[in-house]
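Peer 1: I need the structure of the sequence given here:
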Amino acid sequence: MAQSKRFKELLKKVPEAPVALTKAVGLLKGFEGTKFDQTVEIHMCLGIDPKQADQLVRGSLVLPNGIGKTQRVVVFARDANAEAAKAAGADEVGQEELAKKIQDGWFDFDVCIASPDMMGVVGPLGRVLGPRSLMPSPRAGTVTPDVSKAVEEYKAGKVEFRNDAGGNVHAVVGRLSFSEKQLEENIQTFLNFIESLKPNSIKGTYVKGISLAATMSPGVQVAA
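Peer 2: Now for the predicted structure:
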């Protein structure tokens with residue numbers, strides 16, 4: 001892909017070697033100047049074997065300063081749980097009719113939550129939700145009896161992640177308009193959480209590389 005003149009100029013400002021988190025965030029903040037508020041993402045290369053079930057790294061957490069985006073949340077629930085989800089701010093709540101809508105190709109949402117008693121309805125959606133990383137999961141906290149709490153957390157900026165086939169983890173950690181302190185707090189919280197998920201079977205280096213990047217900026221390597 002051809003790089004723009006702006007991108008090439010920014011690339012000259014990026015150190016070849018990893019730098020401390022504070023400096024990395026400062027460099028990233030210097031990449032502001034586009035007509036929109038760029039999303040900031042973290043990319044981590046982990047020393048795991050994704051083929052081993054006991055080495056998968058997956059989870060979710062609420063970042064202290066949110067992610068600067070209101071996530072669209074749908075919920076599979078009925079009766080009291082459905083009412084609680086609506087009261088918590090869910091964008092759409094349903095059962096079989098919601099499942100059919102999704103089967104027919106509707107994916108205008110960022111998070112899908114389900115109460116445990118609805119998994120019979122949600123299960124068949126695995127083929128279409130799984131590839132989009134939208135399938136509810138107990139491990140991610142999106143299959144839960146407390147759907148209202150889950151809705152509130154995702155609306156507040158909860159992020160969900162899982163390692164890919166190469167052992168890498170990617171997540172949104174804020175917006176470039178955030179202050180340096182806000183970005184640092186979010187990123188450090190995410191790094192600490194990933195460290196807490198280190199599989200016991202890992203023998204070598206767990207965190208092999210960390211990079212921060214905004215939507216239209218080059219990546220900045222962070223010292224692990």
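Peer 1: which residues touch the closest residue in space to D49 that isn't next to it in sequence?
Peer 2: In this structure, D49 finds its nearest non-sequential neighbour in Q55, 5.1 Å apart by CB to CB, 6 or more residues apart in numbering. Bear in mind the C-beta positions are built from the backbone N, C-alpha and C, glycine included. Applying CB atoms under 8 Å, 6 or more residues apart in numbering, we find Q55 in contact with I48, D49, P199, S201, I202.
Peer 1: what's the helix or strand for V75?
Peer 2: strand 73-76 (DSSP states H and E).
Peer 1: Just the buried positions in the one helix or strand in the chain whose mean pLDDT sits lowest, please.
Peer 2: Least confident element among the helices and strands of the chain, by mean pLDDT, DSSP states H and E: helix 5-11 (a mean of 79). For helix 5-11, the neighbour count (16 or more other CB atoms under 10 Å) marks L10 as buried.
Peer 1: Now do the buried residues in the next helix or strand along the chain from it.
Peer 2: Once helix 5-11 ends, the next helix or strand along the chain (criterion: DSSP H and E) is helix 21-29. Using 16+ other CB under 10 Å as the test for burial, helix 21-29 gives L21, A24, V25, L27, L28, K29.
Peer 1: can you list these in TSV and add distance to D108 and pLDDT?
Peer 2: Listed next are those as TSV, based on distance: CB to CB, whole Å; pLDDT from 0 to 100:
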residue	distance to D108	pLDDT
L21	35	97
A24	34	96
V25	33	96
L27	35	93
L28	30	92
K29	32	92
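Peer 1: Contacts only, for the nearest residue to A20 once chain neighbours are set aside.
Peer 2: Nearest residue to A20, sequence neighbours excluded (CB to CB, 6+ apart): A223, at 5.7 Å. The neighbours of A223, taking CB under 8 Å, 6+ apart as the test, are P18, V19, A20, L21, I210.
Peer 1: could you redo those residues as CSV and give each row distance to A171?
Peer 2: Below are the contacts of A223 laid out as CSV (distance: CB to CB, whole Å):
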residue, distance to A171
P18, 19
V19, 20
A20, 20
L21, 15
I210, 12
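Peer 1: Narrow those residues to those that are buried.
Peer 2: For the contacts of A223, buried by 16+ other CB under 10 Å: P18, V19, L21, I210.
Peer 1: need the contact list for the closest residue to the third one other than its chain neighbours.
Peer 2: Residue nearest to L21 in three dimensions, not counting chain neighbours: V222, with 5.5 Å by CB to CB, 6+ apart. Contacts for V222 were tallied using CB under 8 Å, 6+ apart; they are P18, V19, A20, L21, A24, I210, S211, L212.
Peer 1: Also P18?
Peer 2: Counting by CB under 8 Å, 6+ apart, P18 makes contact with G209, I210, Q221, V222, A223, A224.
Peer 1: Could you count how many residues lie near the last one?
Peer 2: A total of 14 residues lie near A224 under the criterion other CB atoms under 10 Å.
Peer 1: and the spatially closest residue to G47 that is not a sequence neighbour, helix, strand or coil?
Peer 2: Of all residues not flanking G47 in the chain, T205 sits nearest, at 4.7 Å (CB to CB, 6+ apart). Following DSSP: H, G, I helix; E, B strand; the rest coil, T205 is assigned to coil.
Peer 1: Thank you, goodbye.
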